[in-house]
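K.L.:
Give me the fold of what follows.
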Amino acid sequence: MRLAAGLTQEELAHRAGFDRNYVGNLERGKNSPTVDTLERLARELDIQPGAFFAYSR
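P.N.:
From the prediction side, this is the model:
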């Protein structure tokens, strides 16, 4: 979703107020996001938070 939005990890992290390493760890499944984290990321990706659960690679 981040790539489809044309954002780097650094850009998304900055916009959502996170560290780039944290976003990378989320993408690799090394961290589990809170609801607040999902909402912040969804807002920056211009998607509904529930879209994270429907997305498949």
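
K.L.:
from here on, contacts and neighbour counts on C-alpha atoms
P.N.:
Will do.

K.L.:
The residue minimising distance to the centre of the chain in helix, strand or coil?
P.N.:
Centroid-nearest residue in the chain: Leu41, 4.3 Å away (criterion: CA atoms, centre = their mean). When classified by DSSP: H, G, I helix; E, B strand; the rest coil, Leu41 comes out as helix.

K.L.:
Go through the helix or strand of the chain with the lowest mean pLDDT and flag the buried ones.
P.N.:
Counting by mean pLDDT, DSSP states H and E, the chain has its least confident helix or strand at helix 51-54, which shows a mean of 90. When burial is assessed from 16 or more other CA atoms under 10 Å, helix 51-54 yields no buried residues.

K.L.:
Run a quick neighbour tally on Cys8.
P.N.:
Just to correct that, residue 8 is Thr rather than Cys. 13 (other CA atoms under 10 Å).

K.L.:
helix or strand for the spatially closest residue to it that is not a sequence neighbour, which one?
P.N.:
Of all residues not flanking Thr8 in the chain, Arg2 sits nearest, at 7.1 Å (CA to CA, 6 or more residues apart in numbering). Arg2 is part of no helix or strand, with elements assigned from DSSP states H and E.
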